[in-house]
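Asks: Sequence and predicted model, in that order:
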Amino acid sequence: MLEPVVTGLGYELWGVELLTPASGLTLRVYIDKAGDDGIDVDDCQRVSHQVAGVLDVEDPIKGHYMLEVSSPGLDRLLFTGPQFQRYLGETIKVRMHGKVEGRRRFQGTLVSVDSSSIAIEDDQQRYRLPLADIERARLVADFR
């Protein structure tokens with residue numbers, strides 16, 4: 001529902017999160033754009049205004065919630081297979097819904113991606129992690 005609005009404004013819909021902190025429900029929409037310009041406050045405001053209009057009409061979330069529009073940032077969350085593919089060779093952190101080889105948390109180099117899983121390698125081992133079982137994955141920012 002949001003992708004046509006965001007792409008129509010010239011941005012990429014990077015991902016969407018529905019958060020339930022103690023302070024109330026928050027719908028966070030991440031946007032990106034091609035090039036090295038990055039996302040600024042004006043971009044977020046432009047997208048927020050349009051997305052809010054769609055959400056008001058479609059009303060997919062019942063009750064009160066806060067809408068946030070944000071850049072994915074340097075330590076961006078990864079939501080889709082193509083996003084993982086884009087960052088092959090980079091260091092990522094992954095938290096799984098359940099245990100894989102006795103662990104829920106992994107950090108290492110992203111070494112492969114296919115339609116159903118990713119593989120990351122740390123100093124000792126390679127782990128194959130099913131995409132469907134990933135709770136959260138994000139890049140580890142490199143400030144070198």
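Replies: Cool, the structure landed.
Asks: can you map out the helices along this structure?
Replies: Per DSSP state H, the chain carries helices over the ranges 3-8, 41-58, 81-86.
Asks: Only C-alpha atoms, please: export the last one in PDB.
Replies: Extracted C-alpha coordinates of helix 81-86, given in PDB (Å, rounded to 0.1, in the frame of the first residue of the first chain):
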ATOM      1  CA  GLY A  81      16.700 -10.900   0.000                       C
ATOM      2  CA  PRO A  82      17.700  -8.300  -2.600                       C
ATOM      3  CA  GLN A  83      18.800  -6.000   0.300                       C
ATOM      4  CA  PHE A  84      21.000  -8.700   1.700                       C
ATOM      5  CA  GLN A  85      22.400  -9.400  -1.800                       C
ATOM      6  CA  ARG A  86      23.400  -5.700  -2.000                       C
END
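Asks: Could you pull up the mean pLDDT of that helix?
Replies: For helix 81-86, mean pLDDT rounds to 94.
Asks: elements contacting that helix?
Replies: In terms of contacts (3 or more CB pairs under 8 Å, 6 or more residues apart in numbering; DSSP states H and E), helix 81-86 is packed against strand 103-113. Every residue, glycine included, has its C-beta placed from N, CA and C.
Asks: any idea how far the strand it packs on is from the chain center?
Replies: The chain centre lies 16 Å from the centre of strand 103-113; the measure is CA atoms, centre = their mean, to the nearest Å.
Asks: So for it, what gets flagged as buried?
Replies: Of all the residues in strand 103-113, those buried under the rule 16 or more other CB atoms under 10 Å are 106, 108-110, 113.
Asks: avg pLDDT for that strand?
Replies: For strand 103-113, the mean pLDDT works out to 96.
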